[in-house]
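**Student:** Give me a model of this one.
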Amino acid sequence: MSLAKICLGPGNHCCLVDPGQFSLKPEDRVVLEHESGLKLGRVVGVYPDPETPFAGRLKSLVRVATPEDLAQEEMNRLLEKQALQFCQARVEAHRLPIYLVQVECLFDTSKIIFYFTAPGRVDFRELVKDLVQEFRTRIELRQIGVRHRAKMVGGLGICGRGLCCAGFLRDFEPVSVRMAKEQQLSLNPNKISGICGRLMCCLTYEYSSYQELRKSLPKVGKRLQTPEGEGKIIRYNFIRETVTLEMEDRREVEFSLAELGIGEAGPVAAVEPVEPVEPVAAVEPVEPDSKA
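**Tutor:** Residues are numbered from 1 along each chain as shown. Down below sits the predicted model:
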């Protein structure tokens, strides 16, 4: 079964469909069924014979977009622009502490969705009344987090590339400072935070590899025998595949993992501290009693 990848809506959300009888190619515009109704999407990839079968639920492809569909989409974009400007004016009039991010008009104009961020809960009932009166359709105000805001708006990361969340990431995984620490990255917030102000999503990409590598290595603090004597492990450099030990004379010496037989070849035997043995009282032999 062939598959087609379709990109649609704010945030470049992508989904998979079964092309069925339609012959699709990248950049084609299509209409498909979505949870919220009909949506117009753009084909970004076609896979005639995918190597791995897809076990999830596929979206239903309705038709290849017609000139009328494209004209309707153009009208929707104009409506979204007008709705954003009107809503922003009403937000300022009501002095609401919200930041409008984007507006999405469903393909059949049955609903207009306003995406916004706010520091907490906001009473926007009066705002909804204004919007319903102006546009005469269903209105939804959807509060999103700062990470989803970055996904919708897009931008460049500190690496110089487009934001991962705005490109290929579908879901946000939990990210912790521990991930940066265990990968020996700088803990400077400016270097490990994205434009959303949260820890960068890419901190999770190689974290599992570092965890697997650590399983085959002696822990920091263990003592090992080396060509230069006994030393204590103080740190690893996973990129260079080296380990640094503190020797008995307080020198720090760096060895390659292969030199010490650490890693895929198996860790060398760690030098375990010798427990002091308490002396045992000697038992003097008892002389046999002499027979009378």
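**Student:** Low-confidence bits of the chain, can you list those?
**Tutor:** 1, 9-12, 51-56, 263-292 (pLDDT under 70).
**Student:** What ranges does this structure have for its helices?
**Tutor:** Using DSSP state H, the helices of the chain run over residues 67-94, 125-135, 146-153, 164-167, 177-182, 189-192, 207-215.
**Student:** what angle do the longest one and helix 125-135 make?
**Tutor:** What separates the directions of helix 67-94 and helix 125-135 is an angle of 140 degrees, with axes from the mean of the first three to the mean of the last three Cα atoms, to 10 degrees.
**Student:** So which other helices or strands are in contact with helix 67-94?
**Tutor:** Packing partners of helix 67-94 (3 or more Cβ pairs under 8 Å, 6 or more residues apart in numbering; DSSP states H and E): strand 29-34, strand 37-47, strand 99-105, strand 111-117, helix 125-135. Where you see a C-beta, it was placed from the backbone N, CA and C, and this is true even at glycine.
**Student:** ok so, going back, who wins for proximity to Met200 among the helices of the chain?
**Tutor:** Nearest of these to Met200, taken as Cβ to Cβ: helix 189-192 at 5.9 Å.
**Student:** Just the buried positions in the closest one, please.
**Tutor:** Using 16 or more other Cβ atoms under 10 Å as the test for burial, helix 189-192 gives Ile192.
**Student:** same thing with stretch 86-97?
**Tutor:** So for stretch 86-97, counting by 16+ other Cβ under 10 Å, buried means Cys87, Arg90, Val91, Leu96.
**Student:** quick one, what contacts the third one?
**Tutor:** So that's Val91. Applying Cβ atoms under 8 Å, 6 or more residues apart in numbering to Val91 gives the contacts Ile98, Leu100, Leu127.
**Student:** and if we set it to 10 Å?
**Tutor:** Pro97, Ile98, Tyr99, Leu100, Phe114, Phe116, Val122, Phe124, Leu127, Asp130 (Cβ atoms under 10 Å, 6 or more residues apart in numbering).
**Student:** Most widely separated two among the buried residues of stretch 86-97?
**Tutor:** Longest span within those, Cβ to Cβ: Cys87 and Leu96, 10.1 Å.
**Student:** what touches both of those two?
**Tutor:** With Cβ under 10 Å, 6+ apart, Cys87 and Leu96 have common neighbours Phe116, Phe124, Leu127.
**Student:** quick one on the thing from earlier: please identify which of the helices and strands packed on helix 67-94 is closest to Cys196.
**Tutor:** strand 111-117 (10.1 Å).
**Student:** What helices and strands are in contact with that closest one?
**Tutor:** helix 67-94, strand 99-105, helix 125-135, strand 138-143, helix 146-153 (3 or more Cβ pairs under 10 Å, 6 or more residues apart in numbering; DSSP states H and E).
**Student:** is it possible to export those to JSON lines including distance to Arg178?
**Tutor:** What follows is these, written out as JSON lines (distance: least, Cβ to Cβ, whole Å):
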{"stretch": "helix 67-94", "distance to Arg178": "39"}
{"stretch": "strand 99-105", "distance to Arg178": "30"}
{"stretch": "helix 125-135", "distance to Arg178": "41"}
{"stretch": "strand 138-143", "distance to Arg178": "29"}
{"stretch": "helix 146-153", "distance to Arg178": "19"}
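**Student:** Would you check how far apart Pro189 and Asn237 are?
**Tutor:** Note on Pro189: its distance to Asn237, by Cβ to Cβ, to the nearest Å, is 23 Å.
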